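Enquirer: sharing a model prediction with you, sequence too.
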Amino acid sequence: MTVISAVPTLPVGALFSQTRREFASWYSRLWGPLGALATGVSRPRVGERVLDACCGSGASALPAARAVGATGHVDAVDMAGALLDQGRAEADRQGLAHLRFHRGDVTAWRADAPYDLVQCCYGVFFFPDMEAGTRHLVDLLRPGGRIALSTWVGGGMDSMVRRAREAASAVRPLPAPPAAPDPRTRVDSADGLAAWLRSLGLVDVAVHRVDYRVPLLGDDAWMFLLGAAPRRFVLGMDEQQLGRVRDRLHADMAAAGHSHLDASSLIAVGVRPQ
Ligand SMILES: C[S@@+](CC[C@H](N)C(=O)[O-])C[C@H]1O[C@@H](n2cnc3c(N)ncnc32)[C@H](O)[C@@H]1O
């Protein structure tokens, strides 16, 4: 009989802290450009107060801090301490003293004053309750303040995650994914994301699609698996097992002609009514 209970799990913050090296290796091709694109849509203004929820190492918090300037303020919150350390180092390097990184669960974050802008890139679907967590973020806005969310377009990033899961489960069986509908499917199309944001009471909702594909060369797919949420599929594996997953992943992808990481995204903005 196959024993699947031995697959270890980690809280999301600890998981992303473990990804720090490979996450950083993808920063300049993935997280950094997509964070800059998100702030191109959220448009932080000089002097604004911004919350960057699920900030990682600062991909969208750093451009937001540059945009609001020293008269503004950015709180960047994440549970992954190792990614926050990378963000702090970069903020120091850029002289962004008004950008503060905080370790914590953003769904329980409290602030002294409301925010003009809350942004959250590729984070809401990690919340144990996506709707309640996002409502909490909306509650942190002043009336008339705006929230900007980035999500993956369906059929893009999820196909990479599926391949990672298949390669890992060929080496060590994984528990079946939860039977409940994946909350990501509510926010992976422009219409679905817009409808969901309106259901949260937001107005003036606009969703922008960004087509973004990165060629996968050499060890890229494996580095991606280790540098993002799919790392959970290989937690606790020994070196030999890891090598087998890597080889399997690359072989499967080559056989399927899967030569790019499709990180096409939706960037949505909505306004909290006055
Ligand atoms: C895919 S990463 C994206 C990081 C960053 N926004 C970026 O685009 O580079 C998702 C991040 O969400 C964080 N996260 C997930 N749930 C969280 C929560 N409840 N509170 C704070 N951070 C959370 C994880 O630790 C991880 O760093």
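Expert: Received, thanks.
Enquirer: nearest to the ligand within the stretch 51-200 of the chain, name that residue for me.
Expert: residue 56 (2.6 Å; CB to the nearest ligand atom). In this view, the C-beta of every residue, glycine as well, is placed from N, C-alpha and C.
Enquirer: what's the closest non-adjacent residue to that residue?
Expert: In space, and not counting its chain neighbours, residue 56 is closest to residue 83: 4.8 Å by CB to CB, 6 or more residues apart in numbering.
Enquirer: tell me the contacts of that neighbour?
Expert: Applying CB atoms under 8 Å, 6 or more residues apart in numbering, we find residue 83 in contact with 16-17, 19-20, 23, 55-57.
Enquirer: most neighbours among those residues, which one?
Expert: residue 55 (30 neighbours; other CB atoms under 10 Å).
Enquirer: so which helix or strand takes in that one?
Expert: Assignment of secondary structure by DSSP states H and E places residue 55 within no helix or strand.
Enquirer: thinking it is in contact with residue 63, fair?
Expert: No - under the criterion of CB atoms under 8 Å, residue 55 is not in contact with residue 63, lying 11.6 Å apart.
Enquirer: still on that earlier bit, residue 30 is in contact with the residue of the stretch 51-200 of the chain closest to the ligand, correct?
Expert: No - here residue 56 does not reach residue 30: they are 10.8 Å apart, not a contact under CB under 8 Å.
Enquirer: so where is this protein shaky, pLDDT-wise?
Expert: 1-5 (pLDDT under 70).
Enquirer: thinking again about what came up before, tell me if whatever helix or strand the residue nearest to residue 56 lives in is near the ligand.
Expert: For residue 83, the host element (DSSP H and E) is helix 81-94. Yes - interface with the ligand: helix 81-94 contributes residue 83 (CB under 6 Å from any ligand atom).
Enquirer: ditto for stretch 231-250
Expert: No - using CB under 6 Å from any ligand atom, stretch 231-250 stays clear of the ligand, coming no nearer than 11.0 Å.
Enquirer: in that stretch, what counts as buried?
Expert: Using 16 or more other CB atoms under 10 Å as the test for burial, stretch 231-250 gives 231-234, 237, 242, 244-246, 248-250.
Enquirer: over to stretch 165-172?
Expert: 165, 167-169, 171-172.
Enquirer: what about the residues you listed, which are in helices?
Expert: Secondary structure assignment by DSSP state H places 165, 167-169, 171 of these in helices.
Enquirer: with distance to residue 98 added, can I get those residues in a markdown table?
Expert: Below are those laid out as a markdown table (distance: CB to CB, whole Å):
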| residue | distance to residue 98 |
| --- | --- |
| 165 | 41 |
| 167 | 43 |
| 168 | 42 |
| 169 | 45 |
| 171 | 47 |
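Enquirer: pick the one among those closest to residue 10.
Expert: residue 168 (14.8 Å; CB to CB).
Enquirer: report the contact partners of the closest one.
Expert: The contact partners of residue 168, by CB under 8 Å, 6+ apart, come to 174, 225, 230, 233-234, 237, 245.
Enquirer: just residue 33 next, same as before
Expert: With CB under 8 Å, 6+ apart, residue 33 has these contacts: residue 212.
Enquirer: around the ligand, which positions in the stretch 1-150 of the chain sit nearby?
Expert: Going by CB under 6 Å from any ligand atom, the residues of the stretch 1-150 of the chain near the ligand are 12-13, 16, 31, 35, 54-56, 59, 77-80, 83, 105-107, 121-123, 126-127.
Enquirer: okay, and which of the residues you listed map to strands?
Expert: 77-78, 121 (DSSP state E).
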